[in-house]
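Enquirer: Output the structure for:
(chains A and B, ligands or ions: 2)
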Amino acid sequence: MATKAVRPKKRKIAVRGPGKTPIKLIVNGETHELLVEPRRTLLDALRKDLGLTGTKRACDEGTCGACTVLLDGKPIYACMALALECEGRSIETVEGLARNGKLHPIQAAFIEEDALQCGFCTPGQIMSVKALLDENPNPTLEDVKRAVSGNLCRCGAYPKIFKAALRAAELLRSGS
Amino acid sequence: MSGDFAVVGKALPKVDGLAKCTGQTKYADDLSLPRMLYGKLLRSPHPHAKILRIDASKALALPGVFAVITGKDLPIKFGIMPSSQDEHALAVDKVRYVGDPVAAVAAIDEETAERACELIEVEYQKLPAIMTIEEALKEQNVRIHEDFGAGGNLHKVVALEFGNVDEGFQEAEYIREDLFFYQGSTHLPMEQHACLAQYDLDGKITLWSSTQTPHYVHRALAKVLQMPESKIRVIAPPVGGGFGGKDDPFSHEICAAKLAMLTGRPVKITLTRDEVFYTHRGRHPVLMWVKTGVKRDGRITAMHFRSFLDGGAHGSYGVATTYYTGALQPVTYKIPHYKFEAVRVFTNKPPCGPKRAHGTPQPRYALEIHMDKLAEDLGLDPVEMRRRNLTGPHHVTVNWLKINSNGVRECLEKVVEASGYQKKRKRGGGRRGVGLAISTYICGAGLPIYWNDMPQSEVHLKIDRTGRVTAFSGAIDIGQGSNTMLATFVAEVLGLRPEEIALVTADTDLTPIDLGSYSSRVTMMMGHAAIQAAEKLKKLLFEAVSEKLGVPTERLVARDHRIYDRENPAKSIAFDEAARLAEAKFGTLAATGSYWAPKKLGTYKGSGVGPSPAYSFSACVAEVECDPETGQINVEKIWLAHDIGRPINETLVIGQVEGSVYMGLGEVLMEEQEFRNRLGIHKIPSLLDYKSLTTKEMPPVETFLIYTDEPNGPFGAKEAGQGPLSPVIPAVANAVYDALGIRIDEIPITPEKVLKALEDKAKGGKGRVGPERMPDFQFPAPIKVEPPK
Ligand code: FES
Ligand code: FES
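Expert: Ligands and ions are numbered 1, 2, ... in the order given. I've put the predicted structure just below:
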């Protein structure tokens, strides 16, 4: 069962630095070589080094879910991961969802159900829903609530986010 | 007005939803420019202190630091209201709250800027801090503002009497007094405030900022930087939530501009979450006292309302907030004699300001619980008590507010019926309960913040020879959907689809004035301006088409991308072809629309706050499940009916209602902007500890839209973004009483307070938690105002 986005598990990483160090990040299937300080978070690497600003920062301390991305298919808070820890692993961000000019069904469902207001929490919500549906194509309302419980929305779009997630599941199951 | 609309009122998706769902929307912090530097503010660690010395030499010597500025560099004061110019971009001489900006740095990256801030030496001499309303009222020697306010630590004092309350109380057969306290809370938009300033060598400043009020930021920048407004351009990219928290011009905006001027490089400042808590401008904590006289049948004969507002360290919108705590009580209930007294004080805490439903949820909380208590005393049921006092349509209130459409009665009946309120009431068996409340809100403040005779909203519209329509408006979308509103109004008039209208918004160089996204004004005011501009263009199109088709203009209709003859729809011309015909006939196609709010009726001092082109109304029933063991309150369901006049987009309106319910539930159950007493340090400046509703606590919301077709509204519309918040809070409090028989007259209703009240009740007490006494304060003699005949 997919659970809410979390701080990534601690992994052993070889000591590097001081100073900038070269790393390879695989984001949305594309490999990027970059030079970062060892303390660079994945969130900063995405936003500042790669210009992938779709992933949002709303606290930088692992409390809001705006920065949720998928790491090897599991939702994590990008602000709580070091870029180094993610080296060589698959990272998915909101920018990677639409393919060949076609929206991902989760995005289509969010638009259709109006599951957003200001849109600032939306990329994170969508990634959490993606993690859920990848694992559980037929979630209950409770499953949805749990999956996005780590994603705050101060616009209070929750009721519509629930609907959109269930609608997306439907769309995915029907293969559209 | 009948329902014959093509796009208005339909459940259509937001025009900017796709960009937001794909990560393409660029919010302020997503922008960057070549050679950009990062700015940081050094903030005061003390709630109240004199600045004896600032030495930035070590910071300046740090490699990667480009500039450091302090209060000396920005000596001119600013503030959102002309009457409250009491802020410096950086503290001069003294600091007034923890978090008060003292210096600003521009450096090559954020880490260097942070390190530089740590290297700035500031010597403070601590001053006694004033942390509560009581202290502020009493303290005469220590003053937070020496040269501003109403003396001592008072910011604003109001005393108004409409009619004659003494007479009103004499007519009463029963009188009741109650005290309430409404804790402060903060907006906490998900997007942290951010701005990016660029300085061109021709002397022009461009500032991109996450602001709800680019026009007011424009004015403040010009004032503080001493530059002509023509040399300043303010652009508001889409805002990631505001709720009133981005309504003021802010220190970081002015500092970014100044640092860009000094360094000649673009400077970006993004506040951290911690800084957002200290920047605040949120809900005022308010202590309230209300006394009401009624006849035995429940009819109100007189009301006397007092509010004591804790304003924090600056004026901000506080003068307006102060008046708002008294302005709208007579809009829902007929009050023949009404006295309102209020005082706003300064304290050494982050400034309070406007939060969703600005200054009205606090008195509404007090009033709706008070109404329930009165009903109980009189042996009436709470619905009947309200019914007997409701205002109706086409009513002028005792304080001279003009109501046109008024669906408050329908709202009340709707939620009572749909929730089964009467059946569920008093059946809780000590666990479950239902509560009821009603409320109202303005659809735009009748007056601009700086008084002037120019329009409050303007729209420019053009059609090019491909048939492409572009709308230009100063309005800024903060998630409330103003972009969709603008596109929908224009599309409706011209017979197009909202998503086809190109939008240019919130850019002071390119767009005409809209005063900003506050006071639920945008749909009302921008809507009228947009319709007017579109009607002018439609007229030109029709003239050209009429000539071509030989059909009189009165018979033409614009719909579905065509202009056609109503009597013979086959006779038609495609929209883009019509645009070319019109351009050939008239030259380039452009038009403007302007909106002025109707003149206010009241002429007394203070009559500027409260008037609005229209009032929305809401009613709410909350059902709660309480755990007497733990004190935990779970809201099981919310029924909310909202008099929207007519929805321009039903989906968006329901989203605004649900969002308001969400925020109201946070305020009533858990949110608190609380400080460690003498230290002035925020207790919980993190999204984790500052409790707000998550998906798990969010109950189902059943929304009912009541149509009243407001004569002053664009296509009959009224506001939706703020009004529905207010009734949720007292409805929950009343439900807790219904379930447990305890009165929590002080929000938030935390488990601790519930347990305390239960304990008190078990010991034979009243089972109440709330303020016990009013502070000693002598209000001046009121301004006497004759009520309308
Ligand atoms: S920004 Fe990462 S959890 Fe808030
Ligand atoms: S849509 Fe604004 S925070 Fe979720």
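
Enquirer: Not counting residues beside it along the chain, what's closest to the residue of chain B found nearest ligand 1?
Expert: Nearest residue of chain B to ligand 1 (C-beta to the nearest ligand atom) works out as B:Leu687 at 6.7 Å. For the C-beta atoms, the positions are set from N, CA and C on the backbone; glycine is no exception. Leaving aside its sequence neighbours, B:Leu687 sits nearest to A:Thr63 (C-beta to C-beta, 6 or more residues apart in numbering or on different chains; 4.1 Å).

Enquirer: Now do the helices in chain A.
Expert: According to DSSP state H, chain A carries its helices in the segments A:42-44, A:105-112, A:122-135, A:141-147, A:158-173.

Enquirer: and the third one with chain B, contact?
Expert: In this case it means helix A:122-135. Yes: residues of helix A:122-135 are located near chain B by C-beta under 8 Å from any C-beta of the partner chain, namely A:Thr122, A:Pro123, A:Ile126.

Enquirer: circling back to that earlier point, mind putting the helices of chain A in a markdown table, mean neighbour count included?
Expert: Shown next, in a markdown table, are those (neighbours: other C-beta atoms under 10 Å in any protein chain shown):
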| stretch | mean neighbour count |
| --- | --- |
| helix A:42-44 | 23 |
| helix A:105-112 | 24 |
| helix A:122-135 | 27 |
| helix A:141-147 | 19 |
| helix A:158-173 | 22 |
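
Enquirer: In a markdown table, list those helices along with mean pLDDT and distance to B:Ile235.
Expert: Output for the helices of chain A, formatted as a markdown table (pLDDT from 0 to 100; distance: least, C-beta to C-beta, whole Å):
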| stretch | mean pLDDT | distance to B:Ile235 |
| --- | --- | --- |
| helix A:42-44 | 98 | 25 |
| helix A:105-112 | 98 | 26 |
| helix A:122-135 | 98 | 22 |
| helix A:141-147 | 97 | 36 |
| helix A:158-173 | 98 | 29 |
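
Enquirer: re earlier: what residues are up against the residue of chain B closest to ligand 1?
Expert: Residues near B:Leu687 by C-beta atoms under 8 Å, 6 or more residues apart in numbering or on different chains: A:Ala58, A:Cys59, A:Glu61, A:Thr63, A:Cys64, A:Leu152, B:Leu188, B:Arg273.

Enquirer: burial of the last one, as a residue count?
Expert: Put plainly, it is B:Arg273. 20 (other C-beta atoms under 10 Å in any protein chain shown).

Enquirer: Likewise for the fifth one?
Expert: Here the number of neighbours of A:Cys64 (other C-beta under 10 Å) works out to 29.

Enquirer: Now do the same contact list for it.
Expert: Taking C-beta under 8 Å, 6+ apart, one finds A:Ala58, A:Cys121, A:Gly124, A:Asn151, A:Leu152, B:Met190, B:Leu687 in contact with A:Cys64.

Enquirer: what separates it from ligand 1, distance-wise?
Expert: 3 Å (C-beta to the nearest ligand atom, to the nearest Å).

Enquirer: measure that residue to B:Glu623 for me?
Expert: Distance from A:Cys64 to B:Glu623, counting by C-beta to C-beta, to the nearest Å: 29 Å.

Enquirer: Break chain B down into its structural domains.
Expert: Per automatic domain parsing, the structural domains of chain B span B:28-127+B:195-269, B:160-184+B:283-348+B:358-446+B:604-769, B:449-595.

Enquirer: Repeat that for chain A.
Expert: A:21-96, A:105-174.

Enquirer: check contacts around the residue nearest to B:Leu687.
Expert: A:Leu152, B:Arg273, B:Ser686, B:Leu687, B:Leu688.

Enquirer: From those, which land in strands?
Expert: Of the contacts of A:Thr63, none are assigned to strands by DSSP state E.

Enquirer: Show the pLDDT at the most centrally placed residue in chain A.
Expert: Centroid-nearest residue in chain A, with C-alpha atoms, centre = their mean: A:Val69, separated by 2.1 Å. A:Val69 carries a pLDDT value of 98.

Enquirer: A:Ser176 now?
Expert: A:Ser176 is assigned 66 on the pLDDT scale.

Enquirer: For chain A, what lies in contact range of ligand 2?
Expert: Remark: the part of chain A in contact with ligand 2 comprises A:Leu116, A:Gln117, A:Cys118, A:Gly119, A:Phe120, A:Cys121, A:Thr122, A:Cys153, A:Arg154, A:Cys155, A:Ala157, using C-beta under 6 Å from any ligand atom.

Enquirer: which residues in chain A form strands?
Expert: Taking DSSP E as the test, the strands found in chain A are A:21-27, A:30-36, A:68-71, A:74-77, A:90-92.

Enquirer: Ramachandran coordinates for the residue of the stretch 601-750 of chain B found nearest chain A?
Expert: Nearest to chain A in the stretch 601-750 of chain B, going by C-beta to the nearest C-beta, is B:Tyr662, at a distance of 2.6 Å. When read as degrees, to the nearest 10, the backbone of B:Tyr662 gives phi -50, psi -50.

Enquirer: Equivalent analysis for B:Lys462, please.
Expert: Dihedral angles for B:Lys462 - degrees, to the nearest 10 - are phi -140, psi 150.

Enquirer: OK, contacts around the spatially closest residue to it that is not a sequence neighbour?
Expert: Spatially, and ignoring its direct neighbours in sequence, B:Lys462 is nearest to B:Ala590 (4.3 Å; C-beta to C-beta, 6+ apart). Counting by C-beta under 8 Å, 6+ apart, B:Ala590 touches B:His460, B:Leu461, B:Lys462, B:Ile463, B:Leu537.

Enquirer: Helix, strand or coil: sort out the first one for me.
Expert: So the one you mean is B:His460. strand (DSSP: H, G, I helix; E, B strand; the rest coil).

Enquirer: Next, count neighbours for it.
Expert: Neighbour tally, B:His460, other C-beta under 10 Å: 20.

Enquirer: still on that earlier bit, what pLDDT is listed against the closest residue in space to the residue of the stretch 601-750 of chain B closest to chain A that isn't next to it in sequence?
Expert: Among residues not flanking B:Tyr662 along the chain, A:Gly156 sits closest, at 2.6 Å (C-beta to C-beta, 6+ apart). Here, the pLDDT recorded for A:Gly156 equals 97.

Enquirer: Then B:Gly293?
Expert: Per-residue pLDDT puts B:Gly293 at 98.

Enquirer: burial of it, as a residue count?
Expert: 24.

Enquirer: Confirm it sits in a helix?
Expert: No: going by three-state DSSP, the assignment for B:Gly293 is strand, not a helix.

Enquirer: rewinding a little: pLDDT wise, what is the residue of chain B closest to ligand 1 at?
Expert: pLDDT at B:Leu687 comes out at 86.

Enquirer: will you turn the contacts of A:Cys64 into a markdown table that also has distance to B:Tyr317?
Expert: As requested, the contacts of A:Cys64 are exported to a markdown table (distance: C-beta to C-beta, whole Å):
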| residue | distance to B:Tyr317 |
| --- | --- |
| A:Ala58 | 25 |
| A:Cys121 | 26 |
| A:Gly124 | 31 |
| A:Asn151 | 31 |
| A:Leu152 | 26 |
| B:Met190 | 22 |
| B:Leu687 | 25 |
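
Enquirer: which pair in these spans the largest distance?
Expert: A:Gly124 and B:Leu687 (12.5 Å; C-beta to C-beta).

Enquirer: For A:Lys160, which non-adjacent residue is spatially closest?
Expert: Nearest non-adjacent residue to A:Lys160, counting by C-beta to C-beta, 6+ apart: A:Ala115, 4.2 Å away.

Enquirer: ok, and the closest non-adjacent residue to the residue of the stretch 351-500 of chain B found nearest chain A?
Expert: Residue of the stretch 351-500 of chain B nearest chain A, by C-beta to the nearest C-beta: B:Gly479 (2.8 Å). In space, and not counting its chain neighbours, B:Gly479 is closest to A:Cys118: 2.8 Å by C-beta to C-beta, 6+ apart.
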